[in-house]
Every structure is written in structure tokens, then in C-alpha cells.
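**Q** Here is a sequence with its predicted model. Questions after.
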Amino acid sequence: MSRLSKAMILVGLAVAIFGGGAFAAYFLFFKKPDYLTSKSSRPVGAGAPDPGITLFDQATHELNSGDEASCRKTLAALFESFPKSVKAEEAKKLLGDMVIREYFSPGPDKTVYTVIRGDSIRRIAQKTKASVELIFKANSLDSLTLHPGQRLIIPHAQFSLVINNKKQDVTILNRGEFFTWYKPLQFRV
């Protein structure tokens, strides 16, 4: 045998002996047994509490006590500050319902139009620069018949849509402010 062959055999034996010893030492002295590292036997941490739940409870308490302004602020803070909260979607839905109800109800900030002879919904919409659909909805009209002297609430809006492909939802804004939110049944990109 040549010297090179003998050297290679000695190196191979040394690697096998010392490598095997190191491998055995690792399993005997360093590696933790499988039952200690098993995920199923690890204690389950409670994780961080969801602050959205507390805020939603606070908002419903404010709503039930008649403080709608505080309720609105709390709901908006919930879904803006904690968008991943389990209560974020429910907060958007509740706030949207509140905003829509106020938008279509009489109030000091609404324009009131008194119907004159010859008026139609379309003419009133053109005069006031409001849509026919919004006038119809705001006044709970069930027909196109109008009577002189009838008072109509004229809602004004500048709606815009925000479509979020990632979350698969639609937010409607009125003059840049939150108006309502929808989670479509089907969402195709």
C-alpha cells in the first residue's frame, strides 16, 4: 500500500471514531429528550389580551347609557388602533349603522326643501345637487308623488370607496370621514 492510501485510511478512521464519539456525546449530554421539546406538552401561554374587546365593551356601555358621541369615538379608536382585534369588524359595522341612521334622520345640519307646485324628485335633485336615490331614502318615500308644501330632507354627500384587496372589504367615506363598512359575500380580484 502506498503512503497516501495509508494516510487516507487513518484520516477516515479518526473521523469515524472522533465524529461518532462527538455524535454520541451530543445525544447523551446536550440534546434534550423529545418529551421535553414536544409542542403538545409545552404549557400554553394565554398571550396578550385583546384590547379591542375591552374597547368594544366600553362602546356598548356608552351606547346603552345614551352617550352616542363617546361611543362613536371609542368604536373608531378600536378599529383604527387595533385593526387585528376580533372586535374590529363588529365595531366598523356598529359605527356604520350609527352613522347611516344619523345621516338619514332630520337634524340641524340638514337642508330642508319645501316642495312647490310642479316639483319632481328629479328637479329637486338637480336644484339641490343631491342624488335622487339619497332624497328618496332620506325621506322614506314610497312613491314619486309629491305634494306642494311637503318638506323633504336633502342629504349632501361626497362619497368615496376604499377597497381593500388584502382584507377583502369595502369602506365608504363621506367627505373623507368614515361612513360605513361592508364585508362582501364574494370578493374577486
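**A** Now that the structure is in, tell me what you want to look at.

**Q** what separates residue 69 from residue 178, distance-wise?
**A** 14 Å (C-beta to C-beta, to the nearest Å). Yep, even glycine has a C-beta here, placed from its N, CA and C like the rest.

**Q** Quick check: which element contains residue 89?
**A** helix 88-103 (DSSP states H and E).

**Q** counting contacts, what elements does the helix or strand just after that helix pack onto?
**A** Next in sequence after helix 88-103, counting helices and strands by DSSP H and E, comes strand 111-114. With contacts defined as 3 or more C-beta pairs under 8 Å, 6 or more residues apart in numbering; DSSP states H and E, strand 111-114 has these neighbours: helix 121-128, strand 151-154.

**Q** Kindly recompute the last result at 6 Å.
**A** Using 3 or more C-beta pairs under 6 Å, 6 or more residues apart in numbering; DSSP states H and E, the elements in contact with strand 111-114 are strand 151-154.

**Q** residues in contact with the strand it packs on?
**A** 106, 110, 111, 112, 113, 114, 128, 130, 138, 139 (C-beta atoms under 6 Å, 6 or more residues apart in numbering).

**Q** next SSE after the least confident helix or strand in the chain by mean pLDDT?
**A** One helix or strand of the chain scores below all others by mean pLDDT, DSSP states H and E: helix 34-37, with a mean of 56. Per DSSP H and E, the first helix or strand lying C-terminal to helix 34-37 is helix 51-64.

**Q** what angle separates that following helix from helix 88-103?
**A** Per axes from the mean of the first three to the mean of the last three C-alpha atoms, to 10 degrees, the angle that helix 51-64 makes with helix 88-103 is 30 degrees.

**Q** Run the chain-centre distance for helix 51-64.
**A** Distance, stretch centre to chain centre, for helix 51-64: 16 Å (C-alpha atoms, centre = their mean, to the nearest Å).

**Q** Give the other helices and strands that it contacts.
**A** Using 3+ C-beta pairs under 6 Å, 6+ apart, helix 51-64 sits against helix 68-81.

**Q** mind listing what's buried in the helix it packs on?
**A** 71, 72, 74, 75, 76, 78, 79 (16 or more other C-beta atoms under 10 Å).

**Q** All good on my end, thank you.
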